[in-house]
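[1] Attaching a predicted model along with its sequence, questions to come.
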Amino acid sequence: MFYLNNDFRETLAIARKEIQIDLRFAISYLFQSIVSPLGRLIPILTVYAATVGQNAISPIPGLTKETYIPFLALGIIFNTAWRASTSVFKEKFQRDKWARTIELLFIAPVKTPSIVIGYGISVIVQNIPTFVAFLIALWIIHPTSFSGLLLTLLSFILVTLIGLSVGLVFGGASLATENITPFLSYIISAFTFLTPFFYPIEVINKLPYPINFILDPLIRYNPLNTALSFARTAWLNNGKANPYEIIYVFIVTVVLLLTAGYIFRKIWRKFGIQGS
């Protein structure tokens, strides 16, 4: 129990530090949280008004007029969490690297899970306006049951942890050498493209062969897609969803957390901090 309390305090201390640093420019901090998702939403809603909204039957396969907005709202919530969690370590590590304070984070024996969860809390706090706004809109347009809400929240947490795991390796690499960060950015962008945040997977089948043949399994077995699909099904069906999907995502999340922590520590011990 003593060790758990210490880990909890350690996690909260890291989260509090990051939130306090971000809040130095509170207006910019909140403005970015609101404007960035809206900037992605407005073009999509414009397409919706011009296509789905003008037809009795949705021209987009896999969606109806009733499910299009809930589909998009959940996609934006999960996309925001994914984008923020994959970039948070790189941004904050490089900030501390330039300020020459990054060594202080690792002089003390800080546990990797505390770093991951602490930074994760700061990501969620930063994006609370986005999450709350879209959740309210989602609840008004298509309310769900309490179990649907809890299962969606569970899926959201797992996606955030997956993003933080990827982001931790990304951040560690940026400390060792910034030459590799563009390559890692392309990998993250590929995962983002292969996750149907804003389009249903049925759209892939409309692409010409062999593109559809190649992309379909990559998207279908992508754990981010599985988590998002589970959340959408749970929300729209009042908690009824395939439990094997969330078990699969949970296993992937645990493996990635352990692997990312190991890789980060190896990078840190072998290369340390290079550049300035």
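    On my side now, so go ahead.
[2] Now the helix or strand where Ile247 lies: buried residues?
    Following DSSP states H and E, one finds Ile247 within helix 243-271. Buried residues in helix 243-271, defined by neighbour count with 16 or more other CB atoms under 10 Å: 245-246, 248-250, 252-253, 256-257, 260-261, 264, 267. Placement of C-beta: from N, CA and C, glycine included.
[3] Looking at those residues, which is nearest Ser114?
    Gly261 (10.7 Å; CB to CB).
[4] so that closest one sits right up against Ser114, yeah?
    No: the pair Gly261 / Ser114 is not scored as a contact, 10.7 Å apart, by CB atoms under 8 Å.
[5] Could I get the contacting residues of Lys90?
    Contacts for Lys90 (CB atoms under 8 Å, 6 or more residues apart in numbering) come out as 167, 170-171, 174, 181.
[6] possible to save the buried residues of helix 243-271 as TSV with pLDDT?
    Formatted as TSV, the buried residues of helix 243-271 follow (pLDDT from 0 to 100):
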residue	pLDDT
Glu245	93
Ile246	94
Tyr248	95
Val249	95
Phe250	95
Val252	94
Thr253	93
Leu256	91
Leu257	87
Ala260	87
Gly261	81
Phe264	81
Ile267	77
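[7] Distance to Pro70 added to those, as CSV?
    CSV is the format used below for those (distance: CB to CB, whole Å):
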residue, distance to Pro70
Glu245, 18
Ile246, 19
Tyr248, 23
Val249, 20
Phe250, 24
Val252, 25
Thr253, 24
Leu256, 28
Leu257, 30
Ala260, 32
Gly261, 35
Phe264, 36
Ile267, 40
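[8] Point to the helix or strand of this structure where mean pLDDT is at its lowest.
    Ranking every helix and strand in the chain by mean pLDDT, DSSP states H and E puts helix 102-107 at the bottom, with a mean of 58.
[9] Next secondary structure after that helix?
    Heading C-terminal from helix 102-107, the first helix or strand you meet, by DSSP H and E, is helix 112-126.
[10] Identify each buried residue in the helix or strand following that next one, please.
    Next helix or strand after helix 112-126 toward the C-terminus (DSSP H and E): helix 128-141. Neighbour-count burial for helix 128-141 flags 129-131, 133-135, 137-138 (criterion: 16+ other CB under 10 Å).
[11] Thanks again, I'm all set now.
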